[in-house]
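>>> sequence below, structure please.
(one chain, ligands or ions: 1)
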Amino acid sequence: MAKPTVLHIADVPLVPELQNEFIAKFEHYYIWEQKDRGRFFQEKGSLIKGIVTDTKGWVNKELLQNLPNVEIVSSYSVGLDKVDLGLCKERGIVVTNTPDVLTDCTADTALALLLACMRQIPAAHRYVCEGKWPIHGDFPYTTKVSGKRVGVVGLGRIGAAIAKRCEGFGCKISYYARSKKSDYPHYSYYNNVVELAKNSDILIAACALTKETTKIINREVLDALGPKGYVVNIARGPVMDEAELVKALVEKRLAGAGLDVFVNEPEVPKELLDMDNVVLQPHVGSATVETRTEMATLVVRNLIAHFSGQPLLTPVDM
Ligand code: NAP
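Sure, this is the predicted structure:
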């Protein structure tokens, strides 16, 4: 029987054993190798049965109209903001993602950013490396983290893992979500992000990016957090009104920010580049060898399960 054909629209690195398994089971094409996309789709579009994508690849009408026989989209991410789930559902295309396996690393990243921006760890590191310590003396005082009030926007898998870690620092946890979570009766629930911000020292974005959460952290929220407040974003860039965030930092209406994600990745607002109270990362929340191997394994195993008629490992509820 012919092997199913998979189109990679994202470069998902596979460890050698997984790559061998993948090649044994699938024909495949890499979209970035197709110089003449129109011709490629004309000649091969109807052969494509599966798509491999990640946080950067758009699976939208423009792509899917060229691929009439796609059955599955397997995403190397938990967030699916670039996949048109409505269209997939309409076309009967199943979608899989990589939940849970990346929760710990992404939550660890949030805590690292929180500590790094509040304690100004990168700036203090530079202070030592640039030889300023012997010349200028002690580094300026920073801000205490332990015991602070943390507000989590989106108490899903990652939000809850962040909250749990913050509890270890003696922080008081509050959250905003569309509904109160019975699993977390010891956290304070707010049904309004501005109220959450008013009652937090640190606001951490951990929600999915949707139409409703786009710019959910806006000027009003930042002002409610106030000039002693910190923001951490490990969700997606557009959940933040980035222009307002930059203004708030420049005008010192906010104390600092730790950001893993941005609106126009890999572009980052230039105003943020030399602020000691701002720590930036290139969207590496889940990017450890261990976690990325587990994610890639899920991407391949979901494809194998689908084409061998087995239950999917991590199907997305649509
Ligand atoms: P999850 O368990 O599905 O949690 C998503 C959360 O988003 C839920 O708590 C949900 O809250 C919340 N949400 C959705 N719509 C909302 C709305 N309108 N208002 C408020 N909250 C809303 O997903 P997860 O595994 O925790 O991942 C969360 C997100 O983190 C992903 O979607 C992804 O974008 C991001 N992420 C980033 C990285 C990185 O590298 N930086 C890595 C992994 C994931 P309710 O349904 O309870 O309202």
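
>>> residue contacts, the residue of the chain found nearest the ligand?
Taking C-beta to the nearest ligand atom, the ligand has its nearest neighbour within the chain at Gly156, 1.8 Å off. C-beta: built from backbone N, CA, C; applies to glycine. Neighbouring residues of Gly156 by C-beta atoms under 8 Å, 6 or more residues apart in numbering: Ala177, Ala206, Cys207, Ala208.

>>> and the residues you listed near the ligand, which?
Counting by C-beta under 6 Å from any ligand atom, Ala177, Ala206, Cys207, Ala208 from the contacts of Gly156 sit close to the ligand.

>>> excluding covalently adjacent residues, which one is nearest to the third one?
If you skip the residues right next to it in sequence, Cys207 has Gly154 as its closest partner in space, 2.6 Å away by C-beta to C-beta, 6 or more residues apart in numbering.

>>> and the one you found, how far is that from Arg236?
11 Å (C-beta to C-beta, to the nearest Å).

>>> shared neighbours of the two, which are they?
Ala208.

>>> near Asp317, how many other residues are there?
By the criterion of other C-beta atoms under 10 Å, Asp317 has 5 neighbours.

>>> can you confirm it is in a strand?
No: using DSSP: H, G, I helix; E, B strand; the rest coil, the secondary structure at Asp317 is coil, not a strand.

>>> residues in the stretch 101-250 of the chain within reach of the ligand, list them.
Remark: the part of the stretch 101-250 of the chain in contact with the ligand comprises 102-103, 106, 154-159, 177-179, 206-210, 212-213, 234-236, using C-beta under 6 Å from any ligand atom.

>>> change it to 5 Å
When proximity is defined by C-beta under 5 Å from any ligand atom, the stretch 101-250 of the chain lies next to the ligand at 106, 154, 156-158, 177-178, 207-208, 212-213, 234-236.

>>> list the contacts of Asp100.
Contact partners of Asp100, counting by C-beta under 8 Å, 6+ apart, are Arg157, Thr314.

>>> now the helices for the stretch 151-300 of the chain?
Counting by DSSP state H, counting those that start in this stretch, the stretch 151-300 of the chain has helices at residues 157-167, 193-198, 219-225, 242-250, 289-307.

>>> okay if I get the residues of the stretch 101-250 of the chain next to the ligand as CSV plus pLDDT?
Formatted as CSV, those follow (pLDDT from 0 to 100):
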residue, pLDDT
Thr106, 99
Gly154, 98
Gly156, 98
Arg157, 98
Ile158, 98
Ala177, 97
Arg178, 97
Cys207, 98
Ala208, 98
Glu212, 97
Thr213, 98
Ile234, 98
Ala235, 98
Arg236, 98
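
>>> please consider this matter closed, and thank you.
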